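Novice: starting from these lines, generate the structure:
(one chain, ligands or ions: 1)
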Amino acid sequence: MYKITLIPGDGVGPEVTEAAKRVLEATGVPLEWDIQEAGEEIYQKEGTPLPERVFDSIRKNKISLKGPITTPVGSGFRSVNVLLRQTLNLFCCLRPCKSYAGAKTEYKNIDLVIIRENTEDLYAGIEYQKGSEGAHSIIESVKRINGKTIRMDSGISIKPISVYASERIVRFAFEYARKNKRQKVTAVHKANIMKYSDGLFLEVAREIAKKYSDIEFEDKIVDNMCMQLVQKPGLYDVLVLPNLYGDIVSDLAAGLIGGLGLAPGANIGDEFAVFEATHGSAPRYKGLNKVNPMAMILSGVMMLRHIGEVTAAEKLDNALASVIKEGKSVTYDIKSTPDDASAATTSEVADAIIKKIS
Ligand code: NAD
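Specialist: Modelled structure (predicted):
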């Protein structure tokens, strides 16, 4: 019996996690769920969107399946997702983007893996509000140290990139490539402009690459990378990126395969792993039983592989692929027009996949 911490999340989270839970149970893998609520409503009830009990549960079970959680924009509580990744040292965000026949996209045969550093960069959460003592102190220090002027009415976010975290994520990318018989790793950066942060990431990537002579290595500047992915995605294989670019490029890659409804992910550390879709809580769709649960289900497929249930993972992946290919029991985002009245609901998609498994 595998004990898994299940975090339903908020917005569409409870709907997609319920669908994933049912489908995963149908594979026959013995799973026991430790359900831990977190997110917006818990913030109202318990004064924090991410109570300590959630960490305790993940620390105990080691594995979690998590729905999306809303982060208020501009103000309010800080991202629960970022906090979870930092606290549990889930240093790698692994986001495969693979084409499924029948998905609604101009692109065919996409098979990319995005490996995003998850703990530092502009997501480190080191920020100073405009007018604060911290902001003023930094502005004065910068003036003193290198004579540069930052306007006094500036808000400041710090972008730390370390040798330690860069080595760890680039090594992960090469090990992943080797284990999964991938040909090439591309390091993505903006080292031409940010010489001491992205430049350091690139320097480390080049050093690590020397130890993996069996795998091709190249680097690309992030803006060019975005254009390349839109024009010639077939040239790329495994991408390794600092946190912010990784976040943005993941959504771009999701767009190539037909949207966020099909893009799974995992946050992986040395001790724990939290599996969650790339998409957020899509609040507009909350409670409508409408959004695509496949990204969440595919995150569950990644979870099955991670715990060694490879046969069940393949079975589920194939069942899902065949539901997409048939095109009948799929949600609005996979139909040729979004208002197609024959679009399946979230739970109907789960039912159709379960039918294929059994
Ligand atoms: P989002 O990913 O929630 O939704 C953007 C759009 O993508 C939706 O309006 C919808 O059209 C589409 N979409 C998303 N999920 C879909 C699905 N399963 N099926 C079909 N279509 C889908 O992004 P957002 O609106 O920018 O963010 C909403 C909230 O989610 C924010 O508070 C954000 O901070 C949070 N968020 C959380 C996570 C996470 O929990 N890991 C990740 C990203 C965003």
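Novice: quick one: the helices in the stretch 101-250 of the chain?
Specialist: Using DSSP state H, counting those that start in this stretch, the helices of the stretch 101-250 of the chain run over residues 133-146, 163-179, 198-209, 222-231, 243-256.
Novice: which residues sit against the fourth one?
Specialist: The reference is to helix 222-231. Residues outside helix 222-231 that contact it (C-beta atoms under 8 Å, 6 or more residues apart in numbering): 112, 186, 188-190, 220, 235-236, 239, 241, 245, 248-249, 252-253, 256. Quick note: C-beta positions are derived from backbone N, CA and C, even for glycine.
Novice: which of the residues you listed lies closest to the ligand?
Specialist: I248 (11.5 Å; C-beta to the nearest ligand atom).
Novice: list the contacts of the closest one.
Specialist: Applying C-beta under 8 Å, 6+ apart, we find I248 in contact with C226.
Novice: can you give me the pLDDT of it?
Specialist: If you check I248, the pLDDT there is 97.
Novice: roughly how far does it sit from K148?
Specialist: Counting by C-beta to C-beta, to the nearest Å, the gap from I248 to K148 is 27 Å.
Novice: likewise for G13?
Specialist: For G13 relative to K148 (C-beta to C-beta), the value is 43 Å.
Novice: got the buried residues for the helix or strand encompassing K3?
Specialist: Under the criterion of DSSP states H and E, K3 resides in strand 2-7. Residues Y2, I4, T5, L6, I7 are the ones in strand 2-7 that count as buried (16 or more other C-beta atoms under 10 Å).
Novice: close to the ligand: what parts of the stretch 151-300 of the chain are there?
Specialist: Residues of the stretch 151-300 of the chain that fall close to the ligand, judged by C-beta under 6 Å from any ligand atom: 259-261, 276, 279-284, 291-292, 295.
Novice: and which of those is nearest the ligand?
Specialist: G280 (2.3 Å).
Novice: isn't the closest one right next to V80, touching?
Specialist: No: at 11.3 Å, G280 does not count as touching V80 under the criterion of C-beta atoms under 8 Å.
Novice: who has more neighbours, these two?
Specialist: Taking other C-beta atoms under 10 Å, G280 and V80 do not tie; V80 has more neighbours (25 against 18).
Novice: wait, what's in contact with the more buried one?
Specialist: By C-beta under 8 Å, 6+ apart, the contact set of V80 is A38, G39, P49, L50, I69, T71.
Novice: ok, and of those residues, which contact the ligand?
Specialist: Near the ligand, judged by C-beta under 6 Å from any ligand atom, the entries from the contacts of V80 are I69, T71.
Novice: sorry, back to before: immediately after the strand holding K3, which helix or strand?
Specialist: helix 13-26.
Novice: what's the pLDDT at L244?
Specialist: L244 carries a pLDDT score of 97 in this model.
Novice: which two among the buried residues of strand 2-7 are spaced furthest apart?
Specialist: By the measure C-beta to C-beta, Y2 and I7 form the most distant pair in the buried residues of strand 2-7, at 15.9 Å.
Novice: tell me the residues on the stretch 1-150 of the chain that lie near the ligand, please.
Specialist: Counting by C-beta under 6 Å from any ligand atom, the residues of the stretch 1-150 of the chain that sit close to the ligand are V16, P68, I69, T70, T71, N81.
Novice: now those: which count as buried?
Specialist: Looks like these have V16, P68, I69, T70, T71, N81 buried, using 16+ other C-beta under 10 Å.
Novice: doesn't the last one lie inside a helix?
Specialist: Yes: the assignment for N81 (DSSP: H, G, I helix; E, B strand; the rest coil) places it in a helix.
Novice: what sits against it?
Specialist: P68, I69, T71, E276.
Novice: from T105, how far off is the second one?
Specialist: This means I69. 27 Å.
Novice: can you pull out the strands in the stretch 201-350 of the chain?
Specialist: 216-221, 238-241, 266-268, 273-275 (DSSP state E, counting those that start in this stretch).
Novice: how about JSON lines for those, with mean pLDDT and distance to G199 added?
Specialist: Formatted as JSON lines, the strands of the stretch 201-350 of the chain follow (pLDDT from 0 to 100; distance: least, C-beta to C-beta, whole Å):
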{"stretch": "strand 216-221", "mean pLDDT": "98", "distance to G199": "11"}
{"stretch": "strand 238-241", "mean pLDDT": "98", "distance to G199": "15"}
{"stretch": "strand 266-268", "mean pLDDT": "98", "distance to G199": "26"}
{"stretch": "strand 273-275", "mean pLDDT": "98", "distance to G199": "31"}
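Novice: can you say which of the ones you listed is packed in most?
Specialist: strand 238-241 (a mean of 26; mean count of other C-beta atoms under 10 Å).
Novice: which residues touch that one?
Specialist: Contacts for strand 238-241 (C-beta under 8 Å, 6+ apart): 112-117, 169-170, 172-173, 176-177, 182, 184-189, 205, 222, 225, 249.
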